[in-house]
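Participant: Here is my input; please provide its structure:
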Amino acid sequence: MAIEQVELSRYEPLEVLGAGADYHVRAALDKETGQEVALKRPKPQMVSRGLHGGIEARTDRTIQAFKSLGFDIPMVVRLLGYTQRTNHDTYFGESLGQEYRVVVEERAKGIPLVGDPMARILKVPVGVGQNLFTLYPLVQPDGQPPFPIHRQLLDLEEIFYQAGYVLTDLRPQNIFYQPAAGLITVIDCGDLRALDDKTYRRPSPN
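Facilitator: All right, here's what the predicted structure looks like:
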């Protein structure tokens, strides 16, 4: 499956879905297909200061990895397209004055294993219930072996490993889970490293 370069005018912006350490994500409606998608871009605070070069490099690595893996990777939210690296101030109603790329992805199904990634930084406890659910979901679909989340994460790592990559950022907020189906969807594969990458020394903060 090929991935297409797209224009943001194709998408009607909707509500903000959230922000992580590097990316800001907004829902949008694809006016051609009627499908709801997610628009992912560097955080505006980083863009306005011209500090988004590293995030752009992560985006480029992710796109290249998806190209080598065929774009339809099991257990990973599907990459639908990406824009040119240009100024998107008019579309988002901003005045950042910088160029960057926007990635278009499918909306992830399920619920995140941790709802607020800032909780760890702000020292807010996520609660025993949420931790237990992450380790062992209460709802187990019929025929599903124990620890479905862990099994699928290991299967996903094997897929990337066989393609020559290690996925190093599998924090709970990047993993959505569908309890009724017992399926996971990973929403962020930006921290991919090639097996022969001799320059990477910093461990991922998992």
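
Participant: isn't Arg61 right next to Leu192, touching?
Facilitator: Yes. Assessed by Cβ atoms under 8 Å, Arg61 is found in contact with Leu192 at 5.6 Å. Quick note: C-beta positions are derived from backbone N, CA and C, even for glycine.

Participant: Which one's more surrounded, the two?
Facilitator: Leu192 (20 against 17; other Cβ atoms under 10 Å).

Participant: For the more buried one, give me its contacts.
Facilitator: 61-62, 65, 160, 165-168 (Cβ atoms under 8 Å, 6 or more residues apart in numbering).

Participant: Please apply the same query to Gln178.
Facilitator: Gln178 neighbours (Cβ under 8 Å, 6+ apart): 109-111, 184-185.

Participant: any idea how far Leu113 is from it?
Facilitator: 12 Å (Cβ to Cβ, to the nearest Å).

Participant: now do Arg151
Facilitator: 15 Å.

Participant: Those two: which has the busier surroundings?
Facilitator: More neighbours surround Leu113 than the other of Arg151 and Leu113, with 21 against 14 (other Cβ under 10 Å).

Participant: Do I have it right that the more buried one meets Leu170?
Facilitator: No. Leu113 lies out of contact with Leu170 (Cβ under 8 Å); the separation is 10.1 Å.

Participant: which helix of this protein spans the most residues?
Facilitator: Longest helix in the chain by number of residues (criterion: DSSP state H): helix 53-69.

Participant: Tell me how confident the model is about that one, as a mean pLDDT.
Facilitator: Averaging pLDDT along helix 53-69 yields 88.

Participant: I'd assumed Ala180 was in contact with Ile111.
Facilitator: No. The pair Ile111 and Ala180 fails to qualify as a contact (Cβ under 8 Å) at a distance of 11.1 Å.

Participant: Which one's more surrounded, the two?
Facilitator: Ile111 (13 against 8).

Participant: who's in contact with that one?
Facilitator: 176-179.

Participant: Now, of those, which are buried?
Facilitator: The neighbour count (16 or more other Cβ atoms under 10 Å) marks 176-178 as buried among the contacts of Ile111.

Participant: Just put those residues in CSV and tack on pLDDT, secondary structure and distance to Lys40.
Facilitator: Conversion of the buried ones among the contacts of Ile111 to CSV gives the following (pLDDT from 0 to 100; DSSP: H, G, I helix; E, B strand; the rest coil; distance: Cβ to Cβ, whole Å):
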residue, pLDDT, secondary structure, distance to Lys40
Phe176, 89, strand, 14
Tyr177, 86, strand, 20
Gln178, 86, strand, 21
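
Participant: Adding distance to Val25, write these out as JSON lines.
Facilitator: Formatted as JSON lines, these follow (distance: Cβ to Cβ, whole Å):
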{"residue": "Phe176", "distance to Val25": "13"}
{"residue": "Tyr177", "distance to Val25": "18"}
{"residue": "Gln178", "distance to Val25": "19"}
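
Participant: Helix or strand next in line after the least confident helix or strand in the chain by mean pLDDT, which one?
Facilitator: Among the helices and strands of the chain, helix 128-135 carries the lowest confidence by mean pLDDT, DSSP states H and E, at a mean of 57. Once helix 128-135 ends, the next helix or strand along the chain (criterion: DSSP states H and E) is helix 148-162.
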